[in-house]
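Engineer: I need the structure of the sequence given here:
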Amino acid sequence: MLTLHRFLISTFVFFCVINGGLFKELPEYIHACKRDPNTIEDCVIKSIEALRPQMLTGIPELDVPSIDPFIIKEIKALTADDTPIRATGYNVKVTGASNFVIKSLKVDLDTLKITVRLRFPKLHFEGEFKVDSQLLILPLKGEGTLNADALKCDTELVIYPQTYTKDGKEYIKFKKIDADISIKDYRIRLDGLFDGDKVLGDAANQLINQNKAEFLKASKPHVEKTTATNLLTIANRIVDGLTMDQVLPNP
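Structural biologist: Numbers count the residues shown, from 1 in each chain. Alright, predicted model coming up:
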């Protein structure tokens, strides 16, 4: 689920420059959107779709890397209850993010709040892992390589901007981003459990996939917090010094 955060960053960058505030002239793949409640949501959706080819290759003008594939440095799954799970993924390569679908998008021009729902039909993960957990009666320990496929990955972002005045001009920044991320289903394979013992490893992988909800529950808070924190940092860096009239011009 953390794999979503780079894609969300590249999508959110667009919101910060929908009027071309970072360009002397708009590139042809960015469509300007006015502060008009009748047109802004449809305009933003169309503009994101127009950016899709650039998301595949990266957008140097926006300092946005390619979203397909990309590398996640770390993913954690932690619990503190009677079913202890301690697992970490490292250097995870993710593919499939470019096939995202925009489920809905709303812009509240009174509060400036943005709500966007996205779906990733399928994401594939390859990387390294380290685990020290207890699943039912089976201790899970080891490190090695992981392969996983996640299906119907949904995320909802709620973005809360605020304005401030400096030298007589109104500027914009972002005070908070809430992220709600869920995965409909996934299947994972961990190679390297029990020092590579195939029989024990196969049994452990079967048990992990039979109890996948526990791992999703363990990783969800960390993933959502990390996603929101990364988005907030990058969003504020991008809009630093931009006025409201640049970010959301009046019709």
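Engineer: how close does residue 157 get to residue 96?
Structural biologist: Residue 157 is 19 Å from residue 96, where distance means Cβ to Cβ, to the nearest Å. Backbone N, C-alpha and C define where each C-beta goes, glycine included.
Engineer: contacting residues for residue 131?
Structural biologist: By Cβ atoms under 8 Å, 6 or more residues apart in numbering, residue 131 lies in contact with 86, 87, 88, 140, 141, 142, 143, 190, 193.
Engineer: By neighbour count, which of the residues you listed wins?
Structural biologist: Most neighbours among the contacts of residue 131, by other Cβ atoms under 10 Å: residue 193, with 23 neighbours.
Engineer: What's opposite that one in the beta bridge?
Structural biologist: For residue 193, the beta-bridge partners are residue 142 (DSSP bridges).
Engineer: Surely residue 145 is in contact with residue 130?
Structural biologist: No: between residue 145 and residue 130 there is no contact under Cβ atoms under 8 Å: 11.2 Å.
Engineer: which of residue 157 and residue 96 has more neighbours?
Structural biologist: Set side by side, residue 157 and residue 96 show more neighbours around residue 157, with 23 against 20, by other Cβ under 10 Å.
Engineer: give me the element the more buried one is part of.
Structural biologist: Residue 157 is part of strand 138-166, with elements assigned from DSSP states H and E.
Engineer: From the chain's centroid, how far away is that strand?
Structural biologist: Relative to its chain's centre, strand 138-166 lies at 6 Å (Cα atoms, centre = their mean, to the nearest Å).
Engineer: How about the contacts made by residue 56?
Structural biologist: Residue 56 touches 66, 67, 68, 98, counting by Cβ under 8 Å, 6+ apart.
Engineer: did I read that right, it in a helix?
Structural biologist: Yes: applying DSSP: H, G, I helix; E, B strand; the rest coil, one finds residue 56 inside a helix.
Engineer: Adding pLDDT and distance to residue 125, write the contacts of residue 131 out as a markdown table.
Structural biologist: Converted to a markdown table, those look like this (pLDDT from 0 to 100; distance: Cβ to Cβ, whole Å):
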| residue | pLDDT | distance to residue 125 |
| --- | --- | --- |
| 86 | 72 | 19 |
| 87 | 76 | 13 |
| 88 | 80 | 13 |
| 140 | 77 | 18 |
| 141 | 78 | 21 |
| 142 | 80 | 18 |
| 143 | 85 | 16 |
| 190 | 88 | 11 |
| 193 | 85 | 17 |
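Engineer: And the residues you listed, which is closest to residue 36?
Structural biologist: Closest approach between the contacts of residue 131 and residue 36, by Cβ to Cβ: residue 88, at 46.5 Å.
Engineer: All set, thanks.
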